[in-house]
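Undergrad: structure for the following, please:
(one chain, ligands or ions: 1)
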Amino acid sequence: MPGLVIVGAQWGDEGKGKVVDLIAEQADAVIRFQGGNNAGHTIVRDGETFKFHLVPSGILYPGKTCVIGNGVVVDPRVLTEEIEGLRRRGVDLSGLRISANAHLIMPYHLLLDHAGEAKLGKREIGTTKRGIGPCYADKAARLGIRVQDLLDEKILKQKIAAAIEPKRQSLREFVKDPRLDLHTMTEDYLALGHRLERHIADTPPIAWKALDDDRLVVFEGAQGTLLDIDHGTYPFVTSSNPVAGSACVGAGVGPTAIDEVWGITKAYCTRVGAGPFPTELHEETGEHLRQAGGEFGTTTGRPRRCGWLDLVALRYAVKVSGLTGLVVTKLDVLTGIDPLCVAVRYGGPEGASFDTFPYHQSVLHRARGEYVELPGWHEDITGARSLEELPDNARAYLSFVSEQLAIPVVMVGNGPSREEIIWSEAALALRPAAA
Ligand code: GDP
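TA: Modelled structure (predicted):
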């Protein structure tokens, strides 16, 4: 199984970091393919908590090749801080590679992101205001500055000047802001480029070589399927494509390089920011999930909206990302909730009923989950290391999900630390394949 894509199957924060970290051990390379420092992964290793924003999750294995792919947008200030922080904690970063073609988040992108959300007022999207959207907009407008530009002072200055020009109008309240001074910005970015230089590389050949040698390459997605700019709940989405197909574009490989696609889902559902959420719980159970699951953003600290597992949305994710396996995380958070509800369809106004994810936003905004009740369990499940060790009702819950989605559950998370995971046969099979 040389090419494995791992994506979020919900609205992000599904626990991708921990899963990628575990699988990365067997991989030759881990490649992030989209998003920016609006993503945050938390990995708990030997009691130590690591929070990553840009660096791929495999970095905790010394010397592991971890690539920030061309599809990622990079804030070089954030990245250098993340690198320095990890280095101070003794993490070996010699395997870190940054695509020379990745686009850079510039100071004006941050200002535009703030200004854009402020202008929307109550209708704000709930972006993380890290400049990600404006950076992708400049990429599409052919006004982007790329990582490779950091290595050429003349080009960098010219490109920044050209990129700022069309934004003068929206940024006029910041004309005197030193962050927008062309000279200062060029100097700052050259200095950051200097610090990052040893990691800058032509990255697709790294993936090609590993795949040609039949080695395991993990393509690591950020955010989740329902936040996809094409297939998610637009406009309450991220500005890139977290679906699995985007791994090819964002890492520089063809679709035939992908052998398996695993979607990560929590055993329940969360969403950050605005937008439709048909299984949202506003009462006690929602608050219980938030506290028990620690549902506060890694990057922003914002409380996450919580709700029941949504199989309508997951069926959709299975299709748009072509999922071949499901990783269910945070099963332990459901312990003690009895009965458990799982949405198998949506209801809408005037008796409407939907088995599939409604394409029209007006419909989706008013859709509400229709539930099947399943019996819960009360035993502590964090010690289970095989499906057989789980209580019958927990196994039945997983089987129900797997049958409804018609894909196997390949791994189950039953606690935050890396030991708290159940590997299926399919997941265990990665090991000899990569040996
Ligand atoms: P990501 O962005 O998809 O990696 O998700 P986050 O890192 O934002 O959120 C996942 C959080 O859940 C982290 O704090 C993890 O330590 C934690 N976590 C991951 N898997 C499990 C699990 O199976 N059980 C519990 N209780 N916590 C988990």
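
Undergrad: lowest average confidence, helix or strand, in this protein?
TA: Least confident helix or strand, the chain: helix 430-434 with a mean of 53, by mean pLDDT, DSSP states H and E.

Undergrad: any idea what residue 262 is bridged to?
TA: Assessed by DSSP bridges, residue 262 has beta-bridge partners residue 6, residue 325.

Undergrad: could you pull up the residues touching it?
TA: Counting by CB atoms under 8 Å, 6 or more residues apart in numbering, residue 262 touches 4, 5, 6, 7, 19, 323, 324, 325, 326, 327, 410, 411. C-betas here are computed from N, CA, C, even on glycine.

Undergrad: so which bits of the stretch 301-435 of the chain are right by the ligand?
TA: Taking CB under 6 Å from any ligand atom as the contact definition, the stretch 301-435 of the chain meets the ligand at 329, 330, 332, 333, 413, 414, 415, 416, 420.

Undergrad: and the third one, that's in a strand?
TA: No - counting by DSSP: H, G, I helix; E, B strand; the rest coil, residue 332 is not part of a strand but helix.

Undergrad: just to check, it is in contact with residue 415?
TA: Yes - if you go by CB atoms under 8 Å, residue 332 and residue 415 touch, sitting 5.3 Å apart.

Undergrad: which residues do those two both contact?
TA: What both residue 332 and residue 415 touch, as defined by CB under 8 Å, 6+ apart, is the set residue 382.

Undergrad: sorry, back to before: same list (the residues of the stretch 301-435 of the chain next to the ligand) but as JSON lines, adding pLDDT and neighbour count.
TA: Converted to JSON lines, these look like this (pLDDT from 0 to 100; neighbours: other CB atoms under 10 Å):
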{"residue": "329", "pLDDT": "98", "neighbour count": "26"}
{"residue": "330", "pLDDT": "98", "neighbour count": "24"}
{"residue": "332", "pLDDT": "98", "neighbour count": "21"}
{"residue": "333", "pLDDT": "98", "neighbour count": "24"}
{"residue": "413", "pLDDT": "98", "neighbour count": "25"}
{"residue": "414", "pLDDT": "97", "neighbour count": "25"}
{"residue": "415", "pLDDT": "95", "neighbour count": "20"}
{"residue": "416", "pLDDT": "89", "neighbour count": "19"}
{"residue": "420", "pLDDT": "95", "neighbour count": "21"}
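
Undergrad: pull the most distant pair out of those.
TA: 333 and 420 (11.7 Å; CB to CB).

Undergrad: residue 272 touches residue 8, doesn't it?
TA: No - the pair residue 272 / residue 8 is not scored as a contact, 11.9 Å apart, by CB under 8 Å.

Undergrad: neighbour count: those two, which is higher?
TA: Each of residue 272 and residue 8 has its neighbours counted (other CB atoms under 10 Å); residue 8 has more, 27 against 22.

Undergrad: list the contacts of the more buried one.
TA: Residues near residue 8 by CB under 8 Å, 6+ apart: 14, 16, 221, 222, 223, 224, 225, 227, 242, 263, 264.

Undergrad: next one: residue 16
TA: 6, 7, 8, 41, 57, 220, 221, 222, 264.

Undergrad: for it, give me phi and psi.
TA: With angles defined as degrees, to the nearest 10, residue 16 sits at phi -60, psi -40.

Undergrad: one more: residue 57?
TA: The phi/psi pair for residue 57 (degrees, to the nearest 10) is phi -70, psi -20.

Undergrad: and it, what pLDDT?
TA: pLDDT, residue 57: 85.

Undergrad: excluding its backbone neighbours, what's nearest residue 166?
TA: Ranked by CB to CB, 6 or more residues apart in numbering and with sequence neighbours excluded, the top spatial neighbour of residue 166 is residue 143, at 7.2 Å.

Undergrad: what's the answer for residue 111, then?
TA: Once flanking residues are discounted, residue 111 sits nearest to residue 174: 5.6 Å by CB to CB, 6+ apart.

Undergrad: could you report the neighbour count for the one you found?
TA: Residue 174: 18 neighbours (other CB under 10 Å).

Undergrad: and what of the one 4 residues further on?
TA: Taking other CB under 10 Å as the neighbour definition, residue 178 ends up with a count of 9.

Undergrad: so the nearest residue to it once chain neighbours are set aside: helix, strand or coil?
TA: Closest residue in space to residue 178, ignoring its immediate chain neighbours: residue 184 at 5.9 Å, by CB to CB, 6+ apart. For residue 184, the secondary structure call by three-state DSSP comes out as helix.

Undergrad: contacting residues around the closest residue to the ligand within the chain?
TA: Proximity of the chain to the ligand (CB to the nearest ligand atom) peaks at residue 413, 2.4 Å away. With contact taken as CB under 8 Å, 6+ apart, residue 413 is in contact with 15, 18, 19, 327, 328, 329, 330, 331, 332, 420, 421, 422.

Undergrad: let's see it at 10 Å
TA: 14-15, 18-19, 22, 264, 266-267, 327-333, 420-422 (CB atoms under 10 Å, 6 or more residues apart in numbering).

Undergrad: can you tell me which of these are in helices?
TA: 18, 19, 22 (DSSP state H).

Undergrad: near the ligand too, which of those residues?
TA: residue 18.

Undergrad: now residue 63. Nearest residue, chain neighbours left out?
TA: Residue 63's closest residue in space is residue 95 (CB to CB, 6+ apart), at 5.0 Å.

Undergrad: and for residue 155?
TA: Closest to residue 155 by CB to CB, 6+ apart is residue 149, at 5.4 Å.

Undergrad: please apply the same query to residue 83.
TA: Using CB to CB, 6+ apart, the closest residue to residue 83 is residue 93 (5.9 Å).

Undergrad: for the one you found, give me its contacts.
TA: 55, 59, 62-64, 66, 82-84, 86-87, 198-199.

Undergrad: recalculate using a threshold of 8 Å.
TA: Contacts of residue 93 by CB under 8 Å, 6+ apart are 55, 59, 83, 86, 87, 199.

Undergrad: any figure for the gap between the residue nearest the centre of the chain and residue 367?
TA: With distances taken as CA atoms, centre = their mean, residue 222 lies nearest the centre of the chain, 1.8 Å away. Plainly put, residue 222 is 26 Å away from residue 367 if you go by CB to CB, to the nearest Å.
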